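Chemist: Model the structure of this input:
(2 chains)
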Amino acid sequence: MSNTVNVAGLSFTLANPTTTRKFGPRIGSAVFRRPNGAELTIETPGMLASSSRGVIPHLSRDHHNLTKAIRWVHIPFETFLEHSPPVPTLQAGKNPLHTFLGFLPSQHILSMSIRDPHDGKGMPSNGNAHVCASSLRGVRKISPSTWRSHVGACQPDIAIALSDTPFTDPPYSQKRLTKSIERSVQWLADILQPVEEPALRPNIFVHMSGATSIPARRAFSESLTEILHGREADSVKPFRCLDEGVSGYTFNLVPLRLSLDASIRPVPEDQHDIPPTIDSRDPLPTRNTRHADQIIPLLQASLISLPTSKTRLINSARSPHEILLFIQNIGVDLFDAHWAQRAADIGIALDFRFPVTEHARGKASTKLGKEIPTNGKRNIGHNLYHNDYTLDFTSLGGDSFVGSYDDRANMATQDICLCAACSPAIPRTRIAHGNDPNEASSIIPEEAPPRYRPPYTRAYVHHLLHTHEMTAHSLLVMHNISVLDAFFAGVRRVVAEKGEQEFIEEVKVFESTYDGNLAVFDEARVMWRNVEMARGKGRLAREKAKQEESTLGTAVEL
Amino acid sequence: MEFEVLAKCHTTRARVSRMKLAHGVTMLPTFMPVATQAAIKGLTPEQVESLGVSLILNNTYHLNLRPGLKVLQEAGGAHKFQGWDGNLLTDSGGFQMVSLNKFMTMTEEGALFESPFTGEPTMLTPEESISIQHIIGADIIMQLDDVVSSLTVGPRVEEAMERSVRWLDRCIAQHENSGKKRTQNLFAIVQGGLDPELRDRCLDEMVKRKDGVSGFAIGGLSGGEEKDIFWRIIKQCAEKLPEDRPRYSMGIGFAEDLLVCVALGVDMADCVFPTRTARFGVALTHQGPLNLRLSKHAKDFNPIDEACPCPTCESGTSRAMLHHIVTHETAAAHALTLHNVTFQAQVMGRARTAIMEGTFPDYLHSFFANYFGDVGYPEWCVNALRSVGVDLLEGKDINVVPGQGAKWEYAKS
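Modeler: Predicted structure coming up:
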């Protein structure tokens, strides 16, 4: 049995483990050691890529392998519930989930949750023994034991325990919250049941329950560290408390935002059936920044009684500004890239750095009149739908990075964007067909350094967006994920090399340099919709209307 | 252009040649994937290159509208604009004007159409088409021809053929005076509809102008005409076209069509079929197309083709996974496009190898047996290949299917 196991053991180390502070910027590394000895390291703060139906939207397998910023991918499992048993659970061989989805055990960490953490659409109530999940064939009820068996069959590196997060209309009564906590605790205990082969069990992360109630969140956390006795203790042997079986804490911001919205907008009795507005489900940032300030105390309430030594993961942060707030005020270690990937869907090429470069610190450039949103700050990216880019032959992230082709002066690694759009590498191999002559396949030797071409230009992607070519989104996704990865590398560098005070100063500079309202995203969304209307085919219209509400990636015409 | 015939099939009229253009060597016969608007659907140029493709096609009509000539000019041509280092061919824009414009009239001066942006009447003359293609900068450019649907009958077909000859002269003159002859190569397009006599007259006139052109295309086909007429026209044209010029059959993409055309003496072909069908969930294989939307693939953990070297098969993407994402995720279209473009290149690559090794008739036998063995051979393929000395039915007890005979995987009803 054990020779089929290749789940990675996780050890998380903070750079300064002696600190007794609960909250504040921190750096660390999550090392995943596979049974065959291979190690994968995720430096924190860092990122994970979001997936839809098991793929990173717009990326073929060669592209997700090529994008070195993609090291951890999160897989919502619910779309696989269309078949019973779910098809990935039937995959043979080692690392079934990796194999089925085409991720490399040597390169990618996979985490798996039942629900898509970004999906905030209304759902039927969960039961005492099931979570309601969403699939194309309708709502599916998943029991804790079914989830345990799917996790066991798929062997992701990390599994998120089931949690009772209501997606019925907020606000929620105290009674509902109490039930939610009880169920979530019970379901965590279920996935921590003793197994014959402990190595078979993936690392378990738990979603922090309690919605927007500080007492409820505290109560949930306290029940994790409570020492168990009797039958309860036996059921999670050898762990003395649930927290011992947990490797990380996750926070899904979508349900929190839904609750926060509901709490400021009294819901009249007769409107209970109206689903939450599209806007509040949209993971893209809006001008509304109040959420982060409200969310921070909620997350702190969850973490206050828990050990600091475990990874903290946030899903659905909306902007680099928010991410910096969560790093600074809480010490969150991991963030999903959903917002940056979604930006690629709507034609945004990210172009920002942390710490802010000398060049960007100065006045925002007035070139072509496209750089300045109304508040005089820089945009964190370019809305490449805009006609100002028709003749712009600079690279996608050209204000912050160069491509490898132009790296004549051997610049520091942080100055280079290695994505396949900014640094397209000449393929090392070409498939030979028939009697191709040598001159038609000048292969670069394996030991030779890669050779690069000039970057793809904003003008080219602008053209691809307006002609509805899917290549635009492939290039943008690879680029945006790489820019976000570079952002986290910058955060780690500042915290490690300059310390907390300097980091806080750099956050201030970042906030005063880059527009945190992301006005450029609003503009892009409007233009994206216009092109969709003009060029999209009617056949997919209904599907699209459904998709664009919250789904990543799929809202692009095939 | 350097063009050299390296080998000829001892039985059929198939041949292997080496065509050297400004952006490298392309071995013929070859299939050209179509990058209508400066991108092969969903792929990057590096991906296309890694598949072993060295010649792709852009559409002049589309590029002229978007991004427009100003952008292409400032970018330094279409190669630089789309980051494609290989060879490139552009059509003249004539075909799209016919297929995409409701309000187009052909005059002797040129094609008069309504601008899709402003609605104003706009004229595309042969001279202008060539100038536009000079700005785009493709390695092979096409003459503007007077295109009529292959189903058209009557005097219009003759008029279009004769006008295409006159327009060829104007295109040659424009190209001669451009200073672009060293890097760009003009191809003529043989017209004449489905009428062998008109085709003959067109061939005679155009072959006379051989010194002004680098190659010849066979146009006006693939418009829904009967396959038995289609192959006879291809055969007639290929036979009459000069040995020392590449022959390009426009709009051909089904594997069986490609191999029949190669056997009849065709060197190049293009079609949106392999990339379009990929977006609808169809993978091309040597055993025939697979429709991955069908639920029979939902739990099939085999790749599309165990032996295929494309990134999709090579990374072990299962039919089950493809079924899960097909028509939902663009990544499924990318996976199948990578595969289908590779498949087309393989069909042609194997043809080249077989011709070089003197085994092309054997290749035809084995291809048809694998591809059509279960459903029966298209009658027109049998007829066409018989005309060049290969009898597919020889020693076989196999069904022959009349009509178009293209193979498709349908859901069981």
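Chemist: For the residue at the greatest distance from the centre of chain B, give me phi and psi.
Modeler: Farthest-out residue of chain B from its mean C-alpha position, per C-alpha atoms, centre = their mean: B:K299, at 35.0 Å. Here is the backbone geometry of B:K299 (degrees, to the nearest 10): phi -120, psi 30.
Chemist: got a list of what it touches?
Modeler: Taking C-beta atoms under 8 Å, 6 or more residues apart in numbering or on different chains, we find B:K299 in contact with A:H83, A:V87, A:L90, B:A320. The way it works is simple: take the backbone N, C-alpha and C, and place the C-beta from them, glycine included.
Chemist: sec struct for the nearest residue to A:P320 once chain neighbours are set aside, please.
Modeler: Leaving out its chain neighbours, the residue that sits closest to A:P320 by C-beta to C-beta, 6 or more residues apart in numbering or on different chains is A:F487, at 5.8 Å. Here A:F487 is helix, with the state taken from DSSP: H, G, I helix; E, B strand; the rest coil.
Chemist: what packs against the helix or strand encompassing B:L63?
Modeler: Per DSSP states H and E: B:L63 is located in helix B:60-65. Applying 3 or more C-beta pairs under 8 Å, 6 or more residues apart in numbering or on different chains; DSSP states H and E, we find helix B:60-65 packed against helix B:94-100, helix B:126-136.
Chemist: Distance from it to the middle of the chain?
Modeler: 18 Å (C-alpha atoms, centre = their mean, to the nearest Å).
Chemist: what's around the residue nearest to B:A22 when sequence neighbours are not counted, how many residues?
Modeler: Residue nearest to B:A22 in three dimensions, not counting chain neighbours: B:T183, with 4.5 Å by C-beta to C-beta, 6+ apart. By other C-beta atoms under 10 Å in any protein chain shown, 15 other residues sit near B:T183.
Chemist: who's in contact with A:R353?
Modeler: By C-beta under 8 Å, 6+ apart, the contact list for A:R353 reads A:A360, A:S400, A:F401, A:Q414, A:A486, A:F487, A:G490.
Chemist: OK, now which residue of the stretch 151-300 of chain B is nearest to chain A?
Modeler: Residue nearest to chain A within the stretch 151-300 of chain B: B:R279 (5.0 Å; C-beta to the nearest C-beta).
Chemist: Got phi/psi on that residue?
Modeler: Torsion angles, degrees, to the nearest 10, at B:R279: phi -70, psi -20.
Chemist: Same question for B:N185.
Modeler: phi -120, psi 130.
Chemist: list the contacts for the nearest residue to it once chain neighbours are set aside?
Modeler: Once flanking residues are discounted, B:N185 sits nearest to B:S214: 3.6 Å by C-beta to C-beta, 6+ apart. Contacts for B:S214 (C-beta under 8 Å, 6+ apart) come out as B:M1, B:F3, B:I140, B:N185, B:L186, B:F187, B:R245, B:P246.
Chemist: Only whichever of these are buried, select them in ChimeraX.
Modeler: Selecting only the buried entries of the contacts of B:S214 in ChimeraX, with 16 or more other C-beta atoms under 10 Å in any protein chain shown as the criterion:
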select /B:1,3,140,185,186,187,245,246
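Chemist: Could you identify the pair within the contacts of B:S214 that is furthest apart?
Modeler: B:F3 and B:L186 (13.6 Å; C-beta to C-beta).
Chemist: one step back: list only buried entries from the contacts of B:K299.
Modeler: Taking 16+ other C-beta under 10 Å as the criterion, what is buried in those is A:H83, A:V87, B:A320.
Chemist: pLDDT value on the closest residue to the first one other than its chain neighbours, please?
Modeler: In space, not counting the residues next to it along the chain, A:H83 is nearest to B:A298; the distance is 6.1 Å by C-beta to C-beta, 6+ apart. Per-residue confidence at B:A298 stands at 97 (pLDDT).
Chemist: Kindly provide the distance from B:A298 to B:H323.
Modeler: 5 Å (C-beta to C-beta, to the nearest Å).
Chemist: most neighbours per residue, which of the helices and strands packed on helix B:60-65?
Modeler: Stretch with highest mean neighbour count among these: helix B:126-136 (a mean of 23; mean count of other C-beta atoms under 10 Å in any protein chain shown).
Chemist: of all the contacts of A:R353, which comes closest to chain B?
Modeler: A:F401 (17.5 Å).
Chemist: how about that closest one, what does it touch?
Modeler: A:F401 touches A:D351, A:R353, A:S395, A:D415, A:I416, A:C417, A:C422, A:V483, A:A486, counting by C-beta under 8 Å, 6+ apart.
Chemist: Please flag which of the residues you listed sit within helices.
Modeler: Among those, the members found in helices (DSSP state H) are A:V483, A:A486.
Chemist: Using pLDDT, spot the least trustworthy of the contacts of A:F401.
Modeler: A:D415 (90).
Chemist: helix or strand for the closest residue to chain A within the stretch 251-400 of chain B, which one?
Modeler: Distance from chain A to each residue of the stretch 251-400 of chain B (C-beta to the nearest C-beta) is smallest for B:G349, at 2.6 Å. Here B:G349, judged by DSSP H and E, is contained in helix B:330-357.
Chemist: average pLDDT across that helix?
Modeler: 97.
Chemist: Can you give me the domain assignment for the chain?
Modeler: If you meant another chain, say so; for now it's chain A. Domain assignment for chain A by automatic domain parsing gives A:115-332, A:345-428+A:449-547.
Chemist: The intended chain is chain B.
Modeler: In the recorded assignment (automatic domain parsing), chain B comprises B:2-271, B:278-379.
Chemist: nearest to A:R257, of those domains?
Modeler: Among those, domain B:278-379 sits nearest to A:R257 (C-beta to C-beta), with 26.1 Å.
Chemist: residues near the closest residue to A:H108 other than its chain neighbours, how many?
Modeler: In this structure, A:H108 finds its nearest non-sequential neighbour in A:V73, 5.7 Å apart by C-beta to C-beta, 6+ apart. For A:V73, the count of nearby residues is 26 (other C-beta under 10 Å).
Chemist: Check A:D351 too.
Modeler: Neighbour tally, A:D351, other C-beta under 10 Å: 26.
Chemist: Surely it touches A:V483?
Modeler: Yes - the pair A:D351 and A:V483 passes the contact test of C-beta atoms under 8 Å, sitting 7.1 Å apart.
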